[in-house]
Every structure is written in structure tokens, then in C-alpha cells.
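Chemist: Dropping the sequence and predicted coords here.
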Amino acid sequence: MLKLSRLLAATALSCAVAAPVWAQNIATVNGKPIPQSLADSVASSMAKQQGQPVTPQLKEMVKNELISREVMVQEADKLGLDKEPAVQDELRIARQNILIRTLFNAYLQKHPITDAQIKAKYDEFTKSFGSTEYKAQHILVPSEKEAQDIIAQLKKGAKFSDLAKKYSKDTGSAANGGDLGWSSPANYVPPFAKALEALKPGQYTQTPVQSQFGWHVIKLDATRPAKPPTLDQLKPQIQAELQREEITKYQDELRAKAKITE
């Protein structure tokens, strides 16, 4: 069976009343027509999703799937399953999802994100990105005492990467000797970033650094001039972020206007 559930849920069930019956419908199941417009919409969506043209084979697959689904839906209706409270709730949520998505799309069409907005957001990003990138290692432990013990071992000549592999609770970096790669301080929590920026290449923190994740021992390996991604590289992400902000603002405005009682 084709995986058409999402596509079908998002498709408007409409057909042109002026067209003759043979052009309107792909089939009739127990007297109930299946609109050609629905089949066209599903086939087009599937082809776009797969990056392929709408072929006669795809049309036939969609037609057979829609017929099968109509047969099963009619049987469910005959058994009264559509009247069950849980099913009614699911149908209501599905309808809401479709209408809300359509509402947001319509709003964004009337309030498109401009190139000026994207450029302004990019400029904010580049300012926060900073002028320097840092290549660092760290060891994360649950307590200050454990961090102090690690610093004591480092002072005695222990290798930072060996201690990271042995003690660090950061599973993402411990296996690599605590290596965090190249990054801007803006990508770290403030206490970590402040301690990192105070180091010179080859140095490690002489006192434990606390964050919401635990206690860190940080070593700075090297620095280099920062090269933030270009505007073209970040444009899709920035546009999506600005669209989310617009939708959030729109939601807040609608709630503020609504009369809500609890």
C-alpha cells in the first residue's frame, strides 16, 4: 500500500462542478465518486517529493490506492467507527492541523520575509560569531573535587586527552580525548566561553569551571580568525527562523484578540 496518509491529509477535497462527470472523477465506489482533483494533487505531491515527473504508472498507483482507501473508509463508516469518541477526537485534530497549516501558509504569503530582514538577521549572527575561533578540549565531571583532582594530575604531567577518555562524562567528546573541534565562543554556555577566551594556546584552566552541565577542565589548543558562513549559505535557515518568529507573533496576536474563558 502506498504511503499516502500525509499527502491525503493535506489535500483539499474539491472538484470543479462545471466539468462533466467523466472528467471530474477517477472512479466511483458504491455510488461515491473519487475526485480527479484529489488524484492529481496526490500524484503531483508524490512526484515532487521524489524529484520525479508524474508518470502514467504513478497515476495508476495513486488511483488504485485511493480506490482501496475509499472501500475501507466506507466499511469503517458502515460499522459506525467514525462515531467513536476517540475517532472523533482524531478527526478533529487532523482537521485543525490542515486548517492551521493553511492559515499559516496564507499569512506568510501576505507577509513574506524580505531580503532586508534576512540581511539584518545575518548581520546579528556575524556580530555574535566573533572574530576568533577556538580549538579546545574539555573534561566534564560531576563534582568540583573531581575536577580539582584532574587539574592536579595535569600539573604532574598527565596527558589531557588520556584523562578526558578516562574521566569525562561528555560522551560526545570523551572518546576523542575531549576534543571539541573549532568553534566560536558564542556556541558555548557563558561560563565555559569566558574561561576559554581567557586562555592562551597550550594552557588549561587552573580552577574548575562550573556550568549547568557539571564541572569542566578546559584546554585551549589553538586559535584562528573566524570565518562565518556566507549569507547565501545561511539564507534558508535564517528565512525559516524569521518565518517561525512571524508565525509566533501572529499566534500571539490572535490569542490576544480572542475571548477565552477557562
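Modeler: Sure thing, it's come through.

Chemist: got the domain boundaries for this structure?
Modeler: The record assigns the chain these domain ranges, following automatic domain parsing: 5-110, 124-225.

Chemist: Rebuild those as JSON lines, extending it with distance to residue 255, mean neighbour count and mean pLDDT.
Modeler: C-beta: built from backbone N, CA, C; applies to glycine. Listed next are the domains of the chain as JSON lines, based on distance: least, C-beta to C-beta, whole Å; neighbours: other C-beta atoms under 10 Å; pLDDT from 0 to 100:
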{"stretch": "domain 5-110", "distance to residue 255": "13", "mean neighbour count": "13", "mean pLDDT": "86"}
{"stretch": "domain 124-225", "distance to residue 255": "27", "mean neighbour count": "16", "mean pLDDT": "96"}
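
Chemist: and of the ones you listed, who's closest to residue 245?
Modeler: Shortest separation from residue 245 across the domains of the chain is recorded for domain 5-110, at 11.3 Å, computed as C-beta to C-beta.

Chemist: measure the residue lying farthest from the centre of the chain to residue 95 for me?
Modeler: Among the C-alpha atoms of the chain, the one farthest from their average position, using C-alpha atoms, centre = their mean, is that of residue 156, at 45.8 Å. Here residue 156 is placed at a distance of 68 Å from residue 95 (C-beta to C-beta, to the nearest Å).

Chemist: Could you verify that residue 215 is part of a strand?
Modeler: Yes - when classified by DSSP: H, G, I helix; E, B strand; the rest coil, residue 215 is found to be part of a strand.

Chemist: ok, residue 74 - contacts?
Modeler: Neighbouring residues of residue 74 by C-beta atoms under 8 Å, 6 or more residues apart in numbering: 29, 30, 32.

Chemist: Wasn't residue 222 part of a strand?
Modeler: Yes - judged by three-state DSSP, residue 222 forms part of a strand.

Chemist: Quick one: the strands in the stretch 101-250 of the chain, in order.
Modeler: When assigned using DSSP state E, counting those that start in this stretch, the strands of the stretch 101-250 of the chain occupy the ranges 132-141, 179-183, 209-211, 214-225.
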